[in-house]
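K.L.:
just to be clear, the model below is a prediction. Sequence and coordinates:
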Amino acid sequence: MFGPDICGSTKRIHVILTYKGKNHLINKNIPCESDELSHLYTLILRPDNTYEVQVDGKEKAKGKLEEDWDFLPPKEIKDPKESKPSDWVDEKEIADPEDKKPEGWDDIARELSDPSAKKPEDWDDDLDGEWEAPMIPNPDYKGEWRAKMIPNPEYKGEWVHPLIENPDYAPDANIYAFDSNAFLGIEIWQVKSGTIFDDFLVTDSVEEAQKEADSILKRIEAEKSAKEEDDKKKAEEAKIAEEARKAEEDSKKASEPAADDKPEEKEDL
């Protein structure tokens, strides 16, 4: 399966290849186009098990099939006979054993009574109880004391699990190959109308594909120019319509009599 997937926040190119009866999605995130113009998507699979993804004739991603898909088991695995030694020290820093908590540190309260608070005039001790000033954060409070951190002299670095060759790994020079490319299917799931799919080509000749692509890209460029011209025309028409609307409003305001010019109403006697 190959092509753009635009759904919600997802805007990516799907490259899903079947290998030994299982579908595998590429591990890379390749952005796709999401404007209203036509675009040409090209996937090239080569006999050396490399690939390339193009959009409008420009490279968007390339690499090795074995590296960018999970077709094969990894070449190396962690040695099951090895494990991190129990005395391995991987803490980069430790609390300074010579750092001592200052005297009186714990005597500083987290909160204190607001010295600016005053007992309300309508406070009734019998009804409301004994009045207490509200508590506010103590600006002198420094939080829970912790010793400063220093480099750990016993630090041995991050332990790396030794790797060994994976006995289940077997290279395959024919990942790129398919038994048949005689059929083409289209899968569409869309919530907005107006999408058009056209000009499908499956070939074993990159040169032939490039020739057809050149022809399609000329049409795309003409479409882009036509849309830019149409957008420009619509913008000009909108500007003229807005200017006409403002002119009409100004004309109406100019024809309305001013407040001072209105005739005075005479009171009936």
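P.N.:
That came in fine, so what should we check first?

K.L.:
could you pull out the strands for the stretch 151-269 of the chain?
P.N.:
163-165 (DSSP state E, counting those that start in this stretch).

K.L.:
just the buried residues of stretch 185-193, please?
P.N.:
Neighbour counts using 16 or more other C-beta atoms under 10 Å place no residue of stretch 185-193 among the buried ones. (Each C-beta comes from the backbone N, C-alpha and C, glycine too.)

K.L.:
contact partners of it?
P.N.:
Residues outside stretch 185-193 that contact it (C-beta atoms under 8 Å, 6 or more residues apart in numbering) are 1, 7, 195, 197.

K.L.:
most neighbours of all these, which one?
P.N.:
Of all the contacts of stretch 185-193, the highest neighbour tally under other C-beta atoms under 10 Å goes to residue 1, namely 12 neighbours.

K.L.:
got the contact list for that residue?
P.N.:
Residue 1 makes contact with 14-16, 23, 187, according to C-beta under 8 Å, 6+ apart.

K.L.:
change it to 7 Å
P.N.:
For residue 1, the contact set (C-beta atoms under 7 Å, 6 or more residues apart in numbering) comprises 14, 16, 187.

K.L.:
distance to residue 242 and pLDDT added to those residues, as a markdown table?
P.N.:
Below are those laid out as a markdown table (distance: C-beta to C-beta, whole Å; pLDDT from 0 to 100):
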| residue | distance to residue 242 | pLDDT |
| --- | --- | --- |
| 14 | 43 | 93 |
| 16 | 49 | 96 |
| 187 | 44 | 86 |
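
K.L.:
tell me the pLDDT of residue 266.
P.N.:
Per-residue confidence (pLDDT) for residue 266: 57.

K.L.:
and the helices in the stretch 51-200 of the chain?
P.N.:
65-68, 125-128 (DSSP state H, counting those that start in this stretch).

K.L.:
any idea which helix or strand in this structure has the lowest mean pLDDT?
P.N.:
helix 125-128 (a mean of 85; mean pLDDT, DSSP states H and E).

K.L.:
relative to the whole chain's centre, how far out is that one?
P.N.:
60 Å (C-alpha atoms, centre = their mean, to the nearest Å).

K.L.:
return the list of helices and strands in contact with that helix.
P.N.:
Here helix 125-128 touches no other helix or strand, going by 3 or more C-beta pairs under 7 Å, 6 or more residues apart in numbering; DSSP states H and E.

K.L.:
could you shift the numbering so residue one becomes 38, and keep it that way?
P.N.:
With 38 as the first residue, the last one maps to helix 162-165.

K.L.:
neighbouring contacts of it?
P.N.:
residue 168.

K.L.:
with distance to residue 265 and pLDDT added, can I get the contacts of stretch 222-230 in TSV?
P.N.:
Below are those laid out as TSV (distance: C-beta to C-beta, whole Å; pLDDT from 0 to 100):
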residue	distance to residue 265	pLDDT
38	33	93
44	28	81
232	21	80
234	24	85
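
K.L.:
possible to save those as a markdown table with distance to residue 181?
P.N.:
Formatted as a markdown table, those follow (distance: C-beta to C-beta, whole Å):
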| residue | distance to residue 181 |
| --- | --- |
| 38 | 56 |
| 44 | 49 |
| 232 | 60 |
| 234 | 64 |
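
K.L.:
which among those gets closest to residue 174?
P.N.:
residue 44 (49.0 Å; C-beta to C-beta).

K.L.:
show me the shaky parts of the stretch 138-287 of the chain.
P.N.:
Within the stretch 138-287 of the chain, no range satisfies pLDDT under 70.

K.L.:
ok, now which ones touch residue 236?
P.N.:
Here residue 236 is in contact with residue 253 (criterion: C-beta under 7 Å, 6+ apart).

K.L.:
give me the number of residues near residue 50?
P.N.:
With other C-beta under 10 Å as criterion, residue 50 counts 21.

K.L.:
can you check residue 54 too?
P.N.:
Neighbour tally, residue 54, other C-beta under 10 Å: 20.

K.L.:
just say helix, strand or coil for the closest residue to it other than its chain neighbours.
P.N.:
Nearest residue to residue 54, sequence neighbours excluded (C-beta to C-beta, 6 or more residues apart in numbering): residue 61, at 5.6 Å. With DSSP: H, G, I helix; E, B strand; the rest coil as the basis, residue 61 sits in strand.
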